[in-house]
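> missing the sequence, but the structure's below:
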Ligand code: ADP
Ligand code: MG
């Protein structure tokens, strides 16, 4: 079990009644991508988000990352109200407080694993970026691979470098969007377990987008997004009942 910090400081992520409506140019066409989403996470919480293509998953992550702004409602990250920040402020909050793990981690090909992670750490404002990179690469099991460039690493190892990058600034929130798509199931399972373990230890709120029910079962809560609305998923309900029965 992780020790939770109580009080308002522990709210890593808050979405209250969030709507996102896309309007196509000057046409009448409107897409309601999110309709009244509420989501609260503390550091150390792990939530799996499931939902079919077009349901609003990327829109939700974009709002949390401050890449876009809601049409209505409030998004707070690490206690900061995104709506009160301009684009530059949102970018600064994103660098400091949000770690992204993507399927394609956009590692720089001519930099070593250590240099890639050190760059992430420096951008996130970590004081000793190279030292931080070495600690994180050891935590993701790549102590012996720090001098390797991305093309000298396997797909799973590159993903681990990406996880180290996401953690580099001690973020309040870690967003992982479909990170296992290109990996075989054993490698995928280890990667997800690693993100969850390091996220809990950091501690950071971990929001994992996945289509894989086995991945989702590793989370504390499973939420389903359907046509822009968030509901507890039956996977999560089953898991909760199963957990209660074993207690
Ligand atoms: P998901 O990631 O779950 O596949 P998205 O969040 O990408 O879903 O999309 C949700 C809905 O919003 C879809 O109907 C999509 O077509 C629409 N949408 C997403 N981004 C834009 C955009 N920039 N402009 C207009 N419509 C968009
Ligand atoms: Mg998407």
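Perfect, I can see it now. Since the structure is predicted, the reported quantities are computational estimates derived from the model, not experimental observations. Ligands and ions are numbered 1, 2, ... in the order given.

> in what helix or strand does residue 176 lie?
Element membership for residue 176 (DSSP states H and E) is strand 173-177.

> outside of that strand, which residues touch it?
Contact partners of strand 173-177, identified using CB atoms under 8 Å, 6 or more residues apart in numbering, comprise 12-13, 41, 57-58, 61, 64-65, 77-78, 97-103, 166-167, 192, 195, 199, 202, 204-209. Glycine gets a C-beta too; all of them are placed from N, C-alpha and C.

> do that strand and ligand 2 meet at all?
No - if you take CB under 5 Å from the ion as the test, strand 173-177 misses ligand 2, and the best it gets is 7.0 Å.

> that strand pairs with which strands?
Strand 173-177 pairs in its sheet with strand 98-102 (parallel), strand 205-209 (parallel), by DSSP bridges.

> ligand 2: which of those strands is closest?
Nearest to ligand 2 among the strands paired with strand 173-177 is strand 205-209; the distance by CB to the ion comes to 7.4 Å.

> pLDDT on the strand holding residue 176, on average?
The average pLDDT within strand 173-177 is 94.

> same question, stretch 63-77
Mean predicted confidence for stretch 63-77 is 95.

> tell me how far the residue positioned nearest the centre of the chain lies from residue 94.
In the chain, the residue lying closest to the centroid (CA atoms, centre = their mean) is residue 175, at 0.9 Å. Here residue 175 is placed at a distance of 10 Å from residue 94 (CB to CB, to the nearest Å).

> and for these two, which residues touch both?
residue 65.

> quick one, phi/psi of residue 22?
Main-chain torsions, residue 22, degrees, to the nearest 10: phi -90, psi 130.

> OK, contacts around it?
30, 31, 33.

> show me which residues of the chain are close to ligand 1?
22, 31, 33, 51, 53, 54, 55, 56, 57, 58, 59 (CB under 6 Å from any ligand atom).

> buried among these? Need that as a selection in PyMOL.
Selecting only the buried entries of the residues of the chain next to ligand 1 in PyMOL, with 16 or more other CB atoms under 10 Å as the criterion:
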select buried, resi 33+51+55+56+57+58+59
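
> okay, and which of the residues of the chain next to ligand 1 map to helices?
57, 58, 59 (DSSP state H).

> among those residues, which are in reach of ligand 2?
Answer for these near ligand 2 (CB under 5 Å from the ion): 57, 58.

> would you mind giving the ones in helices among the residues of the chain next to ligand 1 as TSV with distance to residue 126 added?
Formatted as TSV, these follow (distance: CB to CB, whole Å):
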residue	distance to residue 126
57	29
58	28
59	30
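
> need the ones in helices among the residues of the chain next to ligand 1 in TSV with pLDDT and distance to residue 88, can you?
Putting these into TSV (pLDDT from 0 to 100; distance: CB to CB, whole Å) gives the following:
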residue	pLDDT	distance to residue 88
57	95	26
58	92	23
59	95	22
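
> what is the nearest of the ones in helices among the residues of the chain next to ligand 1 to ligand 2?
Checking those against ligand 2 with CB to the ion, the nearest one is residue 58 at 3.2 Å.

> need the contact list for that closest one.
residue 177.

> redo that, cut-off 6 Å
For residue 58, no contacting residues are found, by CB atoms under 6 Å, 6 or more residues apart in numbering.

> neighbours of residue 148, how many?
By other CB atoms under 10 Å, 16 other residues sit near residue 148.
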